[in-house]
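Student: 3D model of this:
(2 chains)
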Amino acid sequence: MNLPSIFKTILISLICTPIYGLEITVTKKQATAMPIALVTVKPIMREIKNIAKIIAQDLQVNNQFDVTTSSIQTLKKTKQITKFAQESKALAIFLLSPEADSIEWRLYNTMTGQMVNGKLVKREERTINQWAHAIADQIWPLLTSEQGSFSSIIVACKQEIHKKNNKKFSHIYAFEPVAGADQTKKAIVQGDRINFAPRWHPKRAQLFYSQHCPFNVSLVSISPNRAPRTIMGFDGQNMTPAVSKKGRVVISLSNCADAHLYEYQFDPIKKVGRFVQLTKGSGQYISPTFKGENEIVFCYINQRGRPSIGLLNTSTRDISWITKEHGVSPCVSPDGSKLAYSSRKDNILQLCTYDFNTKETRQVTHDLHGHKDEGSWSPCGNYLVCSVEKGAQSRIACFHLPTQSCRFLTPTDEHWSFPVWSPIFEGKVPFL
Amino acid sequence: MWHSLPKKLSRKTIFFYQIFLFVIILHALLFLSTIIFFRGPKTLGNIFVHSQLLNHKIDFVVLPYARRVSAQSLNKAIQQKVALQSKLASKETPKPKVKPKIVQQIKKVEPKKIVAQPKPISVKSKQPEPKPVEIKPVQSKSIEKVEEKIDEPIYIGKEDLQALQIHDEISQALQQHWNPPQGIQPTQPCKIKVILDEAGKVKTLNIEQSSTILSYDMAAQMALTKTEFPEKAWNNEFTLNF
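Tutor: So this is what the prediction gives:
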């Protein structure tokens, strides 16, 4: 130790002053599923057991919670709640059915026996599954401080081949995001034609999709309990409409070699609608998706066939490029902060995300088990659903970003593509 | 006082006595002041130890003269170090974490030597010889500065060191029962103030700052109730950051 450092040491030791309480930070050793008790209270109506089962399935879908179901006669004493603390269950959910068409849920802190929150949920023409999902959507934000996506649905296209003439056709199905691959899917668009690239309206239960017709690819719309109707039938391809929250509509229209983005504008005086071209030049501008109201993220394929992702300002018509590397199938998250897209890494399409605030890119998937394409965000922004294509087979997979876990929603021996996650609509879940 | 001394004493002896008396009074004052300032042995509850110390490779210098070092300077130094280390760690390849070493001396790390310039190879040919490209040494000022800052040790007192060791024991005991739910990353830590009784059991438990995620807070509380704290922490009060 040299002379100045000795002086420094002595000086610090002389200056030292009394200090405050011991503070310790505990670092995570391992994250596991947190045990939670789900208790049904008698008298139990028929459905409540099924509802408890579905709620438990919802809460432990990503192994974040480990739900144990049980039932008791009555809920009168605090001891009935605090006994769960001895079983390492810090939280307990009680389900009561005061009336036939209503369920009351209560969330308790088992260490103190105090109720954290509770609510009475009426059935309101919902199915048992939807009723349970609605309850799970109310409990989930209390547990995790994040929005739930249990009351939403996913639609995707299933491609099949006619046995008689070996012609391909594609139907659109709706299914729940939580249930497994063996769940029954409800067909919402059928027929002999190829239906593909569905898109949701952000505000109402309306689905747009493209359909292969004899002379063009037309845009069709479908609403619950209504027949499909063709809304655009220009020459060429009418594909992938994007609707903003305020109702602005942008679509990719193509004729011959090029495809461009057009905005639909309606003149209320003349009562005439027209399409205004937003992009210029050669190449294909496809898959538009709104970021806010004035910006559109799109995929541009140049004349050499190389795709990249750009951002178009609708007021100035300026284009900035988000990815210089290979990028397809852009999808902006519901809060507009992130972008999901597929990018080729080592000759395999992998899911990537781009943060608009930090401008950082993150690769979500790394495995080499197939091309991940057509990513779509869940309403909560924690999941990405996409198709995983390997050879002739294609499955729908759901990635949970915080836990980096993956679940398959369709079986192995089928060909599924174009999954799109719906927003959460008020009231009944559409198409199911 | 010196007026009462015998007058026969020489001036030299009187001066010696005066000096002697002055030194005794000075010592007495110093002794009293130390008693007033430190008030005997301190409990664990009066010591502050920054939490992130043990998770980083930080050198400490124990000051033999000090019991504790100023909280502000300690915190500042740790925060700067943690920030710098995390910056460098993100640039470098990940390395396995090493427990902090407590050193007694300040080490000076010399800046990395610059690789020697490669000599231009001379090839005889008819064509005009291309001028050898001069490779200028990279300015390593910024790197040197960062290294200097990181390698500067943190000064701690004897009680700080003791508290660090207790901190390590408590965090190890807690980690056995601390299993937060997967995929939940709170933006702010859950701060819980704990008072242990004489038997080492949790007497009172107060959430000072919630992580705003109920399941995370509850998992932390559950871990606290299950943990068997080390004896050194019994009958004490401390704050835990989960």
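
Student: let me see the contact set for A:Gln73.
Tutor: With contacts defined as C-beta atoms under 8 Å, 6 or more residues apart in numbering or on different chains, A:Gln73 is in contact with A:41-42. No exception for glycine: its C-beta is placed from N, CA and C like everyone else's.

Student: for it, report the pLDDT, please.
Tutor: At A:Gln73 the predicted local distance difference test score is 87.

Student: got it, and B:Pro120?
Tutor: For B:Pro120, the model assigns a pLDDT of 41.

Student: centre of the chain to stretch A:417-429, how far?
Tutor: For stretch A:417-429, the gap between its own C-alpha mean and the chain's C-alpha mean amounts to 9 Å (C-alpha atoms, centre = their mean, to the nearest Å).

Student: give the buried residues for that stretch.
Tutor: Applying a neighbour-count criterion of 16 or more other C-beta atoms under 10 Å in any protein chain shown, one finds A:417-425, A:428-429 buried in stretch A:417-429.

Student: which helix in the chain has the most residues?
Tutor: The chain I'm using is chain A. For chain A, the longest helix by residue count, based on DSSP state H, is helix A:128-144.

Student: actually it's chain B I care about, not the one you picked
Tutor: For chain B, assigning by DSSP H, the longest helix comes out as helix B:11-38.

Student: list the buried residues for that helix?
Tutor: Using 16+ other C-beta under 10 Å as the burial criterion, none of the residues of helix B:11-38 qualify.

Student: what about that helix, average pLDDT?
Tutor: Per-residue pLDDT values across helix B:11-38 average out to 88.

Student: now tell me which helix or strand of the chain has the poorest mean pLDDT.
Tutor: I'll assume chain A. For chain A, scoring each helix and strand by mean pLDDT, DSSP states H and E identifies helix A:3-15 as the least confident one, at a mean of 50.

Student: chain B, not that one
Tutor: The helix or strand with the lowest mean pLDDT-type score in chain B, counting by mean pLDDT, DSSP H and E, is strand B:102-103 (a mean of 39).

Student: show me which residues of the stretch 51-200 of chain A are close to chain B?
Tutor: Where the stretch 51-200 of chain A comes near chain B, counting by C-beta under 8 Å from any C-beta of the partner chain, the residues are A:62-65, A:85, A:88, A:90-91, A:109, A:111, A:116, A:142-145.

Student: run the last query once more with 6 Å
Tutor: On the criterion C-beta under 6 Å from any C-beta of the partner chain, chain B has as its neighbours in the stretch 51-200 of chain A the residues A:63-64, A:90-91, A:142-143, A:145.

Student: of these, just say which sits nearest to A:Gln159.
Tutor: In terms of C-beta to C-beta, no member of those lies closer to A:Gln159 than A:Asn63, at 31.8 Å.

Student: so for the longest strand along chain B, what gets flagged as buried?
Tutor: For chain B, the longest strand by residue count, based on DSSP state E, is strand B:202-209. Buried residues in strand B:202-209, counting neighbours by 16+ other C-beta under 10 Å, are found at B:Val202.

Student: now check that strand, is it near chain A?
Tutor: No. Counting by C-beta under 6 Å from any C-beta, no contacts exist between strand B:202-209 and chain A, the nearest distance being 8.7 Å.

Student: one more: stretch B:22-37?
Tutor: No. Under the criterion of C-beta under 6 Å from any C-beta, chain A is not reached by stretch B:22-37; the shortest gap measures 8.0 Å.

Student: what about chain A, any weak spots by pLDDT?
Tutor: Counting by pLDDT under 70, the low-confidence segments of chain A come to A:1-30, A:44.
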